[in-house]
Each structure stands twice: as C-alpha cells, then as structure tokens.
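Chemist: make a model of this:
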Amino acid sequence: MVQATPFLLLLSLALVAPGLCARKCVLTGRWINDLGSNMTIGAMNAKGEFSGSYHTAVSATSNTIQLSPLQGSQHRTNQNSQPTFGFTVKWTFSDSITVFTGQCFVDVDGKEVLKTMWLLRSRVDSIKDDWKATR
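Modeler: Purely as a prediction, here's the structure:
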C-alpha cells in the first residue's frame with residue numbers, strides 16, 4: 001500500500017493542476033487604463049448584462065470631467081474563460097456617447113487585461129458636419 005500512495009498523490013495533482021491554470025477573466029470590479037481613466041463594473045445579471053460608471057482622465061471638451069454611467073453586456077463567463085463584451089458610456093459633461101467593444105484576457109502572469117476599441121460620437125449642429133462627429 002505504501003507504493004500506491006505516491007501514485008494517488010501524483011494522480012490527484014494531475015487532475016487538479018489544469019483547473020488551477022485555467023483562470024477566468026471577470027469583468028466585475030474596478031479597472032484603470034494606461035491614461036488614468038477608471039471604471040467600475042457592477043455584478044452581471046443572468047443575461048450577462050451589467051452597469052457601472054466611467055471616469056475619464058482625458059477629454060476634448062473644456063467642461064469639467066464628471067463620473068458618467070455605463071451599460072453593457074458580455075458573453076457569460078461560464079461558457080468562455082476570456083469573454084467578449086461591449087458597453088456604452090453616456091458622458092454626463094458633454095453631448096457625446098462612446099461605445100466600447102473588447103475582450104477580457106488573463107495574461108501569462110495571471111493578470112486580467114481588457115483589450116478594447118472605441119468609437120466616440122459627438123453632437124454636431126447639421127448633417128453637413130456629420131463627417132467630423134465620430135472618432
């Protein structure tokens with residue numbers, strides 16, 4: 001029986017180890033980007049929908065930057081360990097809205113990282129200025 005104990009221990013470690021490496025990326029919480037902007041994402045509902053707030057560190061307006069609400073959704077993490085997501089920020093200090101889309105990754109060091117792209121739509125006074133309204 002003494003020889004069976006090391007085998008069972010080795011088998012147990014082999015079965016448990018893959019679960020330790022497969023960390024899921026979770027959007028819920030506070031995030032800070034390279035420019036110092038930060039957002040907080042609240043709990044997901046059963047449909048993968050969430051809400052939160054965004055405080056940008058950069059702006060093209062001269063208005064005072066304020067905390068702004070966000071609404072979004074993601075593919076549920078029980079199906080994907082590195083989910084795709086999207087959210088909209090309605091800026092409270094300007095007539096603009098930004099949509100973000102991206103994916104949540106766990107890097108080689110085990111750190112959660114969001115990779116996103118965004119489009120910002122500003123209000124313009126006429127249709128002839130439409131070309132300069134989206135960045």
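Chemist: following the helix or strand bottoming out on mean pLDDT in the chain, which helix or strand comes up?
Modeler: Lowest on mean pLDDT, DSSP states H and E among the helices and strands of the chain sits helix 4-21, with a mean of 43. Note on helix 4-21: by DSSP states H and E, the next helix or strand toward the C-terminus is strand 29-32.
Chemist: give the pairing partners of that next one; include direction for each.
Modeler: Strand 29-32 has the following sheet partners, assigned by DSSP bridges: strand 38-41 (antiparallel).
Chemist: tell me which residues in the helix or strand just after the partner strand are buried?
Modeler: Later in the chain than strand 38-41, the nearest helix or strand by DSSP H and E is strand 49-55. By neighbour count on 16 or more other C-beta atoms under 10 Å, the buried set for strand 49-55 is 50, 52, 53, 54. The way it works is simple: take the backbone N, C-alpha and C, and place the C-beta from them, glycine included.
Chemist: show me where pLDDT drops low in the chain?
Modeler: Along the chain, the parts satisfying pLDDT under 70 run over 1-22, 77-80.
Chemist: thinking again about what came up before, and the buried residues of strand 49-55, which is closest to residue 37?
Modeler: For those, the residue nearest residue 37 by C-beta to C-beta is residue 54; the value is 7.1 Å.
Chemist: residue 88 reaches residue 96, doesn't it?
Modeler: No: shown here, residue 88 and residue 96 do not form a contact pair, counting by C-beta atoms under 8 Å, at 11.2 Å.
Chemist: tell me which of the two has more neighbours.
Modeler: For residue 88 versus residue 96, neighbours defined as other C-beta atoms under 10 Å are more numerous around residue 96 (18 against 13).
Chemist: perfect, that will be all.
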